[in-house]
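Visitor: Test case, fold it:
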Amino acid sequence: MTKVSDKVLYPEPSYKITGLLFEIHNSLGRYCREKQYADILEKMLKEANVPFKREECLPMEKIDDKFTNRADFVINDELLLELKSKPFVTNEDYTQVHRYLVASGLKLGIIVNFRNKYLKPIRI
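Guide: Sure thing, here's the model as predicted:
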């Protein structure tokens with residue numbers, strides 16, 4: 001019988017980040033701006049000594065023009081975290097994270113929408 005953690009990609013950083021996200025949601029509530037949540041998360045990641053990059057620039061090339069995308073957070077060079085604060089997560093949000101994963105070569109993306117009454121991080 002396999003354990004759940006055997007099936008989860010990057011279980012340790014995922015659970016640690018998810019715990020921090022719940023702490024933020026519990027303390028700030030669900031009606032702050034995305035930047036406020038990101039600022040608090042950045043502070044908490046520093047305090048927890050978790051390596052991360054904020055507003056990480058992810059290059060994408062198309063024909064001769066260069067475009068860039070910015071991921072909210074890249075944690076441990078393993079997972080990408082995209083924060084939202086809006087009524088609901090859309091297909092465009094999924095597409096955005098998928099595009100970021102392709103551009104970065106990372107295997108795991110997490111979308112979290114702080115506007116929900118109950119926080120539900122979505123793994124992609």
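Visitor: Could I get the pLDDT score of Glu61?
Guide: Note for Glu61: predicted pLDDT of 56.
Visitor: whoops, I mixed them up, Ala103
Guide: Per-residue confidence (pLDDT) for Ala103: 88.
Visitor: which SSE is it in?
Guide: helix 91-104 (DSSP states H and E).
Visitor: after that helix, next one along is what?
Guide: Using DSSP H and E, the helix or strand that follows helix 91-104 in sequence is strand 108-113.
Visitor: Any regions of this structure where pLDDT drops low?
Guide: Scanning the chain for pLDDT under 70 picks out 1-6, 60-68.
Visitor: roughly how far apart are the closest residue to Lys86 other than its chain neighbours and Glu78?
Guide: Among residues not flanking Lys86 along the chain, Arg115 sits closest, at 5.6 Å (CB to CB, 6 or more residues apart in numbering). The C-beta positions use only the backbone N, C-alpha and C, and glycine is treated the same way. Relative to Glu78, Arg115 is positioned 26 Å away (CB to CB, to the nearest Å).
Visitor: do the same with Pro51
Guide: From Pro51 across to Glu78, the span is 10 Å (CB to CB).
Visitor: Please identify which of these two sits among more neighbours.
Guide: Ranked by neighbour count (other CB atoms under 10 Å), Pro51 and Glu78 place Glu78 first, with 15 against 12.
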